[in-house]
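Participant: What follows is a predicted structure for the sequence shown.
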Amino acid sequence: MIASLHDISKNKIALFHAVNMSMLTPFLKYVAEARIVRRQDDLSRYTYAEIEERVYLVFLAISLLKNFSSYRAFVKTYAKTTLTYGKFERVRTTANDLHNMLAVLDGNTDILDKLANKTQAKAMRQRHPLPTMAVTRFLRTLDGDYTFLSQLERSIGITNSDYKNLRIAIADFKNLDSRRMKVTVTRLLQALRAKLAGTDIARQVDALAGEKSFELDNVVDAERTAGAVPMSADELTAYRILVGPANLRRAKIAVDLAKQGKGLAGPIAAAYYPVMKMIDDIARGGFTYVRLLQSIADRAKKSRK
């Protein structure tokens, strides 16, 4: 009798723990999954363009991962979870990062008031409408990578040439040679670590790189270097106007490297190209425009003294 009572007590305790763990599981899952945007207040850390870039990077990662049988189950689950609520109407604490970021691009417009650049965000959203039907179709079918990624890139105004090159490589990943595969995964990893660190999608790409020995040590990490460049608020604003928000830090890096007589990696040079083109247009305009530019430059130097 005593033994049976003891067994009953053990079973009750086990049942108690099981019930409590099942209640905790949704919470633990929530903590693990949504790290970029859990609630609307998290949006104050980002501009609209930064959310657009992160959405694009997630879709690049999805497109890469689904090439590997051991990661297809994750991709399908992640895509299904993103579509749990049907539409991307608002930021939800129970949704994953991709759903919440898509809600910024496609949901209720009052979400934009939470962003760091809310005034610009409203104008950008009008210029960069999310191709919602294409996004939903891709998440359901996980098919037609090149067409979908190209459409998404154009629609949301992705101008980062490095990310465009990633799109071309990832959409044709199975046909790349070994070296190109490694460079592609390495660059995607660098971008994910810089802009989506700690997220499920970043961890999966990291795991893939380790499993397949895809990560290289000698690929220039423009993401990491760009984040380390100190810039004043005025410089940030100026470079954002000149080269766009996606390229502003890399453009500054280009100047610093040129001062040191160092060569520029492709993504760094591409980021500074809008300024080069502007100077070239002025030169083509003739002597009067060049002298006007010199005059403006002299005034800018004096204002800093």
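Facilitator: Structure received.

Participant: Could you pull up the residues touching Y71?
Facilitator: Residues in contact with Y71, defined by C-beta atoms under 8 Å, 6 or more residues apart in numbering, are L65, Q204, L208. Quick note: C-beta positions are derived from backbone N, CA and C, even for glycine.

Participant: Now name the helix or strand holding it.
Facilitator: Assigned by DSSP states H and E, Y71 belongs to helix 69-82.

Participant: Give me the next element, helix or strand, following that helix.
Facilitator: Following helix 69-82 in sequence, per DSSP H and E, is helix 97-106.

Participant: Only the buried residues of the helix or strand following that following helix, if you could.
Facilitator: Sequence-wise, the next helix or strand downstream of helix 97-106 (DSSP H and E) is helix 118-127. Buried residues in helix 118-127, counted by 16 or more other C-beta atoms under 10 Å: K118, Q120, A121, M124, R125.

Participant: Determine the set of other helices and strands touching helix 118-127.
Facilitator: Contact partners of helix 118-127 among helices and strands, from 3 or more C-beta pairs under 8 Å, 6 or more residues apart in numbering; DSSP states H and E: helix 48-65.

Participant: now the helix it packs on and helix 97-106, what's the angle there?
Facilitator: Counting by axes from the mean of the first three to the mean of the last three C-alpha atoms, to 10 degrees, helix 48-65 points 140 degrees away from the direction of helix 97-106.

Participant: T81: how many residues sit nearby?
Facilitator: Number of residues near T81 (other C-beta atoms under 10 Å) recorded here: 18.

Participant: from here on, count from 369
Facilitator: I'll keep to 369 as the first residue from here, and by that count the last item is T449.

Participant: ok, for it, nearest residue in space, not its chain neighbours?
Facilitator: Distance criterion C-beta to C-beta, 6 or more residues apart in numbering; nearest residue to T449, sequence neighbours excluded, is N464 at 5.1 Å.

Participant: now the helix holding Y439: mean pLDDT?
Facilitator: The predicted model assigns helix 437-450 a mean pLDDT of 96.

Participant: Kindly report the same for stretch 503-510.
Facilitator: On average, the pLDDT along stretch 503-510 is 97.

Participant: chain center to that stretch, what's the gap?
Facilitator: Put simply, stretch 503-510 sits 19 Å off its chain's centre (C-alpha atoms, centre = their mean, to the nearest Å).

Participant: for T452, what are its contacts?
Facilitator: Applying C-beta under 8 Å, 6+ apart, the residues near T452 are A463, H467.

Participant: give me the low-pLDDT residue ranges for the stretch 419-568 of the chain?
Facilitator: Applying pLDDT under 70 to the stretch 419-568 of the chain picks out no residues at all.

Participant: what are the ranges of the strands in this structure?
Facilitator: Secondary structure of the chain, counting by DSSP state E: no strands present.

Participant: Mark out where each domain of it begins and ends.
Facilitator: The chain is divided into the following domains under automatic domain parsing: 369-401, 403-587, 591-671.

Participant: most neighbours per residue, which of the ones you listed?
Facilitator: domain 403-587 (a mean of 18; mean count of other C-beta atoms under 10 Å).

Participant: wait, N435 sits on D540?
Facilitator: No: contact criterion C-beta atoms under 8 Å: N435 and D540 do not qualify, at 10.5 Å.

Participant: about what we covered before: what's the closest of the buried residues of helix 486-495 to D530?
Facilitator: M492 (20.6 Å; C-beta to C-beta).

Participant: distance of that closest one from L556?
Facilitator: Separation of M492 from L556 (C-beta to C-beta, to the nearest Å): 24 Å.

Participant: Which residues are in contact with the residue most central in space within the chain?
Facilitator: Most central in the chain under C-alpha atoms, centre = their mean is R422, positioned 2.1 Å from the mean C-alpha point. Contacts for R422 (C-beta under 8 Å, 6+ apart) come out as I404, Y414, D465, M469, K563, L564.

Participant: Over to D602?
Facilitator: Residues counted as contacts of D602 (C-beta under 8 Å, 6+ apart): none.
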